[in-house]
Every structure is written in C-alpha cells, then in structure tokens.
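Colleague: no FASTA, just this:
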C-alpha cells in the first residue's frame with residue numbers, strides 16, 4: 001500500500017476479526033522433529049550470540065527474544081529468512097549457509113532455554129490511548145466542548161463520531177480541502193499519534209441529545225434522509241469507522257456541510273444527490289438528524305484490553321501450544337514487536353488472516369499494544 005493511501009485511510013490494527021466473529025482457526029500444527037540441543041548451542045555461540053546472546057535474550061532494542069519460544073515457530077521463522085519470505089540481509093546470509101539439521105538444532109537450543117524478560121518492557125508504563133487523547137483534546141475544547149459536545153452554533157460536535165472519519169477530516173483540513181478556521185492551525189502541531197489518540201477519545205464520548213432546531217421540519221426530513229441512511233445508518237448513527245454519524249449533530253453545521261458538497265467537498269455521489277435538493281429540503285434533513293439519539297462509536301477506556309483479548313485467541317497460553325506456528329509475545333522486546341507489526345502493515349511479511357489491519361489506529365496502537373505485551377511476564 002502506498003504511504004499516501006495509509007495517511008488518508010489510516011486503517012490499521014493488530015487484528016481483523018470483530019467481537020462477533022468466531023475465534024480464528026488454529027494455525028496448522030507441525031510434527032515434532034528430532035534435534036541435537038548441544039549442536040544447536042555450538043551454532044548459537046558461533047552465529048547468533050552477538051544479537052540474541054547465549055541465554056536467548058536481546059542484545060539491543062528491536063532484537064527479538066528467542067528463549068523459550070515455540071520451537072516450531074522459530075524453525076519456521078528461520079526458514080522464512082532463508083527463503084526470502086522475511087527480509088533481513090544478515091539473517092538471509094546466515095541461514096543460507098545453514099543445513100536443515102543446523103536450522104533444527106539451533107531452534108531447539110533456544111526453545112529449550114528458560115524465559116527471559118524484556119528489558120524494554122519490565123519497567124514500561126502502558127500509555128492509555130484514551131487518556132493521551134483526552135489530554136490532546138483539551139486544545140479542542142474551546143470550540144468543540146470539553147467532551148466534544150459543541151454548544152456553539154455552526155461548530156460540529158465530535159463526541160461519538162467515527163474515529164477514522166475524524167482522522168480523514170483532519171487530513172482534509174491540513175490539505176486545505178475544507179475551509180479552515182484559525183484554530184485549525186493547532187492541527188499542524190499534532191503528531192500522528194496525537195491525532196489518532198484524540199480521535200479515539202472523542203469517538204468514546206456520548207453525544208448529548210439535542211432539541212429541534214429553529215428551522216426545518218424533522219418529520220419532513222425523515223423521508224428525504226432515506227438515501228443518506230444507506231451509508232450513515234437509518235437514524236444517522238454510522239457503524240462504519242470511515243463514515244460520519246449525523247445523529248445529534250449541530251444543525252447549522254449539518255446545513256453548511258451538506259451544501260458544501262455542491263461546491264467544495266469532493267464526494268461525487270454526495271454531490272449528485274445534494275445538488276438535486278432545495279435549501280428547504282436540506283434544512284429539513286438537518287433538522288431530522290439533529291433530534292436523533294446518537295451513541296459513542298468506541299470504548300476507548302478499554303481499547304487496548306479489547307485488542308489484546310483478540311490477540312490472545314492465538315497468542316495466549318491456552319491456544320499457543322508448542323507444535324503451532326504461533327509465537328509467544330508476552331515479555332517480548334517492545335521495539336521488536338513494533339517493528340514486526342510495521343512489517344505486517346507494509347506487506348514485508350507474509351500476512352495471515354489475523355494480521356489483516358482493519359481498525360482505524362496505526363502508530364498509536366502499535367506503540368501501546370507492543371508496550372502492553374512487553375510488560376507481561378515472559379513464560
């Protein structure tokens with residue numbers, strides 16, 4: 001995927017399944033193989049100790065811990081480097097000179113060692129994306145309200161809004177695809193992680209119920225909203241992270257936003273429908289959505305735990321038995337975990353169904369999730 005596409009779509013996370021999905025099927029088991037641990041130690045002393053030490057630890061950040069890792073997984077990983085399915089120049093060269101017996105012996109040696117705790121995670125504090133977002137969002141409170149519920153006519157509420165949509169909207173302001181207010185200058189000082197964290201915070205707030213606006217007829221707007229419901233939900237509560245919710249939104253903002261699709265906003269299907277509406281009909285649609293009840297799009301306070309629970313379906317102790325091609329990640333080096341996630345995101349590793357990146361967080365999620373697992377006791 002091209003970098004610019006990632007910047008716009010911002011669609012990445014550790015797992016692709018949802019709470020409604022069944023747990024992923026177990027990876028294929030492999031038959032145990034005979035190996036000589038003593039011979040594997042000799043290979044480790046000769047080829048591996050500079051990076052992985054003799055105890056299977058990490059000699060520097062971003063180097064994975066091998067001690068007590070599943071033997072079958074270690075073997076499969078070395079085979080992937082040998083065959084070029086994983087990219088690492090030194091490992092490709094080293095494994096290229098190893099025989100089949102060498103691969104089996106050295107992986108058996110490291111798998112036989114006692115667990116080693118990551119130095120990068122033993123004292124690490126897991127940063128809450130929600131709490132970080134709450135801090136970042138303080139700069140937005142003057143216009144959008146402390147919890148994202150705007151009370152300023154013409155200023156949109158951000159509470160309960162879909163997070164991926166918020167991120168796309170930020171990009172559109174930064175690229176001058178939307179009319180910028182003076183306060184939008186603050187966006188240029190936000191990092192990618194700040195933006196993602198703020199989007200999660202606002203998405204997790206409960207939108208306040210609104211009274212009918214002084215213009216428009218909600219009842220007349222309901223049938224006109226039928227076309228809109230296909231994307232935004234029948235009552236304006238979107239279930240798609242990239243499609244905005246319209247329910248309980250500021251009515252003046254809605255009118256302005258709908259009309260902007262006639263001229264400046266670049267959504268051809270929206271332009272076709274909106275161009276056929278009169279100003280009165282647009283006011284009626286806005287009035288209808290204004291009085292609808294909305295809800296939070298995310299549960300940011302529990303986000304990392306929710307994602308980790310999904311990861312544990314495969315990487316947890318119950319499923320990840322020694323004959324499966326699934327690595328242990330508890331106590332693993334934090335920087336290595338971040339690097340591995342980026343490799344999956346950027347298609348530099350062979351991707352399985354569980355690594356399909358589909359949620360709207362990338363850098364922030366990788367940082368927090370990697371720190372979480374690095375801080376867990378190695379087993």
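Modeller: On my side now, so go ahead. Computed from a prediction, not measured in an experiment: that's the story for all the values here.
Colleague: quick one, domains of the chain?
Modeller: When the chain is parsed with automatic domain parsing, its domains come out as 12-124+301-374, 211-295.
Colleague: ok, which of those comes nearest residue 157?
Modeller: Evaluated with C-beta to C-beta, these place domain 211-295 nearest to residue 157, the distance being 5.9 Å. C-beta: built from backbone N, CA, C; applies to glycine.
Colleague: which stretch in the domains of the chain is the model least sure about?
Modeller: Taking the average pLDDT of each of the domains of the chain, the minimum falls on domain 12-124+301-374, with a mean of 81.
Colleague: wasn't residue 296 part of a helix?
Modeller: No - looking at residue 296 with DSSP: H, G, I helix; E, B strand; the rest coil, it is coil, so not inside a helix.
Colleague: that older thread, in a markdown table: the domains of the chain, plus distance to residue 197 and mean neighbour count.
Modeller: Compiled in a markdown table, the domains of the chain are given as follows (distance: least, C-beta to C-beta, whole Å; neighbours: other C-beta atoms under 10 Å):
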| stretch | distance to residue 197 | mean neighbour count |
| --- | --- | --- |
| domain 12-124+301-374 | 5 | 18 |
| domain 211-295 | 15 | 17 |
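Colleague: mind putting those into TSV with distance to residue 156?
Modeller: What follows is the domains of the chain, written out as TSV (distance: least, C-beta to C-beta, whole Å):
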stretch	distance to residue 156
domain 12-124+301-374	18
domain 211-295	4
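Colleague: in this structure residue 374 contacts residue 125, no?
Modeller: No - counting by C-beta atoms under 8 Å, residue 125 is not a contact partner of residue 374; they are 11.1 Å apart.
Colleague: residues of stretch 193-213 that come out buried?
Modeller: Under the neighbour-count criterion of 16 or more other C-beta atoms under 10 Å, stretch 193-213 has 193-205, 207-208, 210, 213 buried.
Colleague: those in helices, which ones?
Modeller: Cross-referencing these with the helices (criterion: DSSP state H) gives 193, 194, 195, 196, 197, 198, 199, 200, 201, 202, 203 as the overlap.
Colleague: next up, the contacts around the residue lying closest to the fourth one once chain neighbours are set aside.
Modeller: Looking back up the chat, that one is residue 196. Residue nearest to residue 196 in three dimensions, not counting chain neighbours: residue 364, with 4.1 Å by C-beta to C-beta, 6 or more residues apart in numbering. By C-beta atoms under 8 Å, 6 or more residues apart in numbering, the contact list for residue 364 reads 129, 132, 192, 193, 196, 197, 200.
Colleague: so residue 364 is in which element?
Modeller: With elements taken from DSSP states H and E, the one containing residue 364 is helix 363-374.
Colleague: pretty sure residue 86 sits against residue 340.
Modeller: No - the pair residue 86 and residue 340 does not pass the contact test of C-beta under 8 Å, sitting 9.8 Å apart.
Colleague: which residues are in contact with each of these two?
Modeller: Between them, residue 86 and residue 340 share these contacting residues under C-beta under 8 Å, 6+ apart: residue 349.
Colleague: okay, helices next: where are they in the stretch 1-150 of the chain?
Modeller: Taking DSSP state H, counting those that start in this stretch as the criterion, the stretch 1-150 of the chain contains helices spanning 3-9, 37-43, 49-52, 71-82, 89-96, 100-111, 129-137, 141-144.
Colleague: and the last one, what's its mean pLDDT?
Modeller: Rounded to a whole number, the mean pLDDT of helix 141-144 is 92.
Colleague: that helix: how far from the chain's middle?
Modeller: Offset of helix 141-144 from its chain centre (C-alpha atoms, centre = their mean, to the nearest Å): 26 Å.
Colleague: again with the third one
Modeller: Average the C-alpha atoms of helix 49-52, do the same for its chain, and the two points are 32 Å apart (C-alpha atoms, centre = their mean).
Colleague: contacts for it?
Modeller: If you take C-beta under 8 Å, 6+ apart as the criterion, helix 49-52 is touched by 44, 58, 59, 60, 63, 64, 65, 66, 110.
Colleague: quick one: contacts for the fifth one?
Modeller: Meaning residue 63. Under the criterion of C-beta under 8 Å, 6+ apart, the contact partners of residue 63 comprise 51, 52, 333, 336.
Colleague: now the residues you listed in a markdown table, with distance to residue 227?
Modeller: Compiled in a markdown table, the contacts of residue 63 are given as follows (distance: C-beta to C-beta, whole Å):
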| residue | distance to residue 227 |
| --- | --- |
| 51 | 59 |
| 52 | 59 |
| 333 | 51 |
| 336 | 49 |
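Colleague: now, which of the residues you listed sits nearest residue 220?
Modeller: Each of these was scored against residue 220 by C-beta to C-beta, and residue 336 proved nearest at 59.0 Å.
Colleague: and the helix or strand hosting that closest one, what other elements does it pack with?
Modeller: If you go by DSSP H and E, residue 336 is part of helix 334-345. Helix 334-345 sits against helix 363-374, with contacts defined as 3 or more C-beta pairs under 8 Å, 6 or more residues apart in numbering; DSSP states H and E.
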